[in-house]
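In: structure of the sequence below:
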Amino acid sequence: MFRTLKIVITTLFILNSHLASAQSGFPDQPIKLIVPFGPGGSTDLAARLIAEYAGRELGQSIIVENRAGAGGSVGMEYVAKSKPDGYTLGMATMSTHGANSAVYGNKLKYDPIKDFAPITNVATTPSVFAVNPKVAANNMQQFIALAQANPNKYSYASPGTGSLGHANVEYFAALANIRLLHVPYKGAGAAMNDALAGQVDAITDNLPSALPHIKAGRLRALAVLSDKRSPALPDVPTYGELGYPQMGNGGWFGIVAPVGTPPSVITKLNKAILQAMKNPDLIKKLDESGAIAIPGTPAEFATQIQQAIDRYQRIAKIAKIQVD
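Out: Got it, this is the predicted structure:
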């Protein structure tokens, strides 16, 4: 009996020693960063910046992998079910860790709180409501007047039913007492293409991906979702300035790991990302895209996630959004 106990204790000691050794040597292989949306969008752009600069701090490659679908749910489900060793991370957003739990309900195959270990928020970015230039509205007041006079005539594109873009526009429509025609797409890229082509009248999108089209005159910006005007669009008012403070602020991008990832690994990743975000080149690239760096602790990010969930639970009820 004592011999058996000794063997068990020795085995546990060896396993713990190996685990500690593996954690202290982290990372000794490339890390995979899952972006739950298609390439080229704001989430993808932010992820690639973080991958490049944080990878330098860690001395290891961070490979971005796009797994799009269901408002980011497909990619986040993959992250939630991955091995909790720090080698598979996810790019969390207000969609994946805020709106999705409200609009998908029990159909969501992951829990944004229980299934993830927050590492750090990365950046906040305004979203912008913009119309195709063919729409006879130079400002939001004019657009509201057109929409009120012509219910369901004016259409808007979103990355999909239940997406953050869908939720935000429907919430605004409810506040402004207008009815718009929702046209869902399979991803932000397809939605933007048809907005640019004039197949739909309007779109709401994150500023980093919409800004080049606005500057080129292919879209006309009417409002930004942010607590203050964006330096990139100083002449475009916030929803709050327009009389709709309930719309709140812009979205964010952050990094999460599967729940159960060792605390030492979370700490190392957090420190590397925070150090990377002090790099002037990274800050400049974020600024140019219209994003603002907001790194912090895992606990701070956990609080921000819970606030997003609470906010979109309220919005989903007011806007009557639920994915069947």
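In: now the strands for the stretch 151-300 of the chain?
Out: Remark: strands assigned in the stretch 151-300 of the chain by DSSP state E, counting those that start in this stretch are 155-158, 181-184, 202-206, 220-225, 251-258, 292-293.
In: where among those strands is average confidence lowest?
Out: Lowest mean pLDDT within the strands of the stretch 151-300 of the chain: strand 292-293, at a mean of 86.
In: that one - contacts with which helices or strands?
Out: strand 116-125, helix 280-289 (3 or more CB pairs under 8 Å, 6 or more residues apart in numbering; DSSP states H and E). Glycine gets a C-beta too; all of them are placed from N, C-alpha and C.
In: need the residues that contact the last one.
Out: By that I understand helix 280-289. 42, 45-46, 49, 53, 123, 125, 207-208, 211, 231, 276-277, 292-293 (CB atoms under 8 Å, 6 or more residues apart in numbering).
In: repeat that for 7 Å
Out: 45, 49, 53, 123, 208, 211, 276, 292, 293 (CB atoms under 7 Å, 6 or more residues apart in numbering).
In: circling back: out of the helices and strands packed on strand 292-293, deepest packed?
Out: Among the helices and strands packed on strand 292-293, the stretch with the highest mean neighbour count (mean count of other CB atoms under 10 Å) is strand 116-125, at a mean of 26.
In: the inter-axis angle of that one versus helix 280-289?
Out: 60 degrees (axes from the mean of the first three to the mean of the last three CA atoms, to 10 degrees).
In: partners of strand 116-125 in the sheet?
Out: Strand 116-125 sits in its sheet next to strand 251-258 (antiparallel), strand 292-293 (antiparallel), going by DSSP bridges.
In: relative to strand 220-225, how tilted is that strand?
Out: Between strand 116-125 and strand 220-225, the angle comes out at 130 degrees (the same axes, to 10 degrees).
In: contacts for strand 116-125 next, please.
Out: In contact with strand 116-125 (CB under 7 Å, 6+ apart) are residues 42, 46, 50, 80, 206-208, 250-259, 261, 266, 269-270, 273-274, 286, 290-296, 298, 301-302, 304-305.
In: how about the residue most central in space within the chain, what does it touch?
Out: Per CA atoms, centre = their mean, the C-alpha nearest to the average position across the chain is that of residue 93, at 2.2 Å. With contacts defined as CB under 7 Å, 6+ apart, residue 93 is in contact with 43, 72, 251, 253.
In: list just the nearest of these to residue 88.
Out: The closest of the contacts of residue 93 to residue 88 turns out to be residue 72 (CB to CB; 15.7 Å).
In: residue ranges of the helices in the stretch 51-200 of the chain, please?
Out: Here the stretch 51-200 of the chain has its helices, by DSSP state H, counting those that start in this stretch, at 73-80, 100-104, 140-149, 164-176, 188-197.
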